[in-house]
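Participant: sequence below, structure please.
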Amino acid sequence: MTARPAAVLFDMDGTLVDTEVLWWETAEEVAAGLGHRLTGADAPEVVGRAVADTAAHLIRVTGATDPAAPERVAAALSQGFFRRVDAGAPPRPGARRLLAELESAGVPFALVSASPRTVVDAVVHGALADVPFAFTLSADDTVRTKPHPDPYRAAAERLGLDPGACVAVEDSPDGTASAVAAGSAVLVVPSLLPVPEGAGRSFARSLEEVDLGVLGAALGAR
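Facilitator: Down below sits the predicted model:
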């Protein structure tokens with residue numbers, strides 16, 4: 001019999017909503033303002049990364065020496081991304097059907113994001129306004145965010161569960177690393193960046209092919 005996850009922990013950007021492109025556009029805009037043209041070589045430091053990580057990368061590649069640069073660049077990234085998300089962040093294909101299935105089956109689910117609270121709230125009150133998440137967790141809610149294990153450990157703790165009883169659904173290498181390090185099984189549905197195979201992770205091409213059985217199989221495969 002297929003195992004049943006005690007809870008499902010969803011990443012947001014690129015997993016439930018189509019925002020990775022919006023984040024890339026934001027990073028392109030900010031990079032251009034610093035005199036740098038973003039290319040595929042920058043992707044590992046941009047896609048799926050927290051604001052502070054991407055800001056630090058842009059400062060490194062542009063050689064910015066202004067002491068206020070980290071805060072200034074991070075603020076520009078946050079504001080630009082929020083502006084785009086607030087204008088509309090469509091759900092990924094299959095997301096709403098899967099969330100409805102979990103709700104009907106009585107399986108709790110939460111949002112675990114590396115985006116700032118302002119962006120998470122914009123999505124949760126916009127594109128995902130009617131979704132009954134147990135709670136949402138943003139980059140502002142833990143001392144360290146992805147790829148560190150803190151977000152997924154904190155989410156499991158809030159649910160009163162062992163991380164190993166939960167399945168995380170992720171699209172990026174950093175998010176996957178975070179969930180694996182926390183001890184959760186991970187179902188990877190890649191978007192912009194490929195995620196390498198490894199222990200504790202299963203793969204699906206789209207949320208359209210994911211159901212409770214697939215999530216249970218991911219838990220059993222860890």
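Participant: I'd say K146 and D174 touch.
Facilitator: Yes: counting by CB atoms under 8 Å, K146 does reach D174; the two are 4.8 Å apart. No exception for glycine: its C-beta is placed from N, CA and C like everyone else's.
Participant: overlap of the contact sets of these two?
Facilitator: 48, 114 (CB atoms under 8 Å, 6 or more residues apart in numbering).
Participant: pick out whichever of these two has more residues nearby.
Facilitator: Regarding K146 and D174, a neighbour count based on other CB atoms under 10 Å identifies K146 as having more, with 28 against 23.
Participant: with adjacent residues omitted, what lies nearest to that one?
Facilitator: Spatial nearest neighbour of K146, excluding adjacent residues (CB to CB, 6 or more residues apart in numbering): S178 at 3.9 Å.
Participant: same check, this time on W24
Facilitator: In space, W24 is closest to V46, 6.5 Å off (CB to CB, 6+ apart).
Participant: what residues does the helix or strand hosting V186 touch?
Facilitator: V186 belongs to strand 185-188 when assigned by DSSP states H and E. For strand 185-188, the surrounding residues in contact (CB under 8 Å, 6+ apart) are 5, 164, 166-171, 176, 179-180, 195, 200-204, 210, 214-215, 218-219, 221-222.
Participant: that one pairs with which strands, and in what direction?
Facilitator: strand 166-170 (parallel), strand 201-203 (parallel) (DSSP bridges).
Participant: next, the buried residues of the helix ranked longest in the chain.
Facilitator: In the chain, assigned by DSSP state H, the helix with the most residues is helix 69-86. By 16 or more other CB atoms under 10 Å, the buried positions in helix 69-86 come out as 69, 72-74, 76-78, 80-82, 84-85.
Participant: same list (those) but as a markdown table, adding pLDDT.
Facilitator: Formatted as a markdown table, the buried residues of helix 69-86 follow (pLDDT from 0 to 100):
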| residue | pLDDT |
| --- | --- |
| A69 | 84 |
| R72 | 92 |
| V73 | 93 |
| A74 | 93 |
| A76 | 95 |
| L77 | 94 |
| S78 | 90 |
| G80 | 93 |
| F81 | 88 |
| F82 | 87 |
| R84 | 89 |
| V85 | 85 |
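Participant: of all pairs in those, which one is the farthest apart?
Facilitator: Largest separation among the buried residues of helix 69-86 by CB to CB: A69 and V85, giving 24.0 Å.
Participant: returning to that earlier point: can you say which of the contacts of strand 185-188 are buried?
Facilitator: Among the contacts of strand 185-188, those buried by neighbour count (16+ other CB under 10 Å) are 5, 166-171, 176, 179-180, 195, 200-202, 204, 210, 214-215, 218-219, 222.
Participant: what ranges do the strands span in the chain?
Facilitator: 7-10, 109-112, 136-137, 166-170, 185-188, 201-203 (DSSP state E).
Participant: any chance of CSV for those strands, columns distance to Y152 and mean pLDDT?
Facilitator: Rendered in CSV, the data for the strands of the chain read as follows (distance: least, CB to CB, whole Å; pLDDT from 0 to 100):
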stretch, distance to Y152, mean pLDDT
strand 7-10, 6, 98
strand 109-112, 6, 98
strand 136-137, 9, 98
strand 166-170, 6, 98
strand 185-188, 9, 98
strand 201-203, 13, 96
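Participant: and D42, which of those is closest to it?
Facilitator: That would be strand 166-170 among the strands of the chain, by CB to CB, at 20.7 Å.
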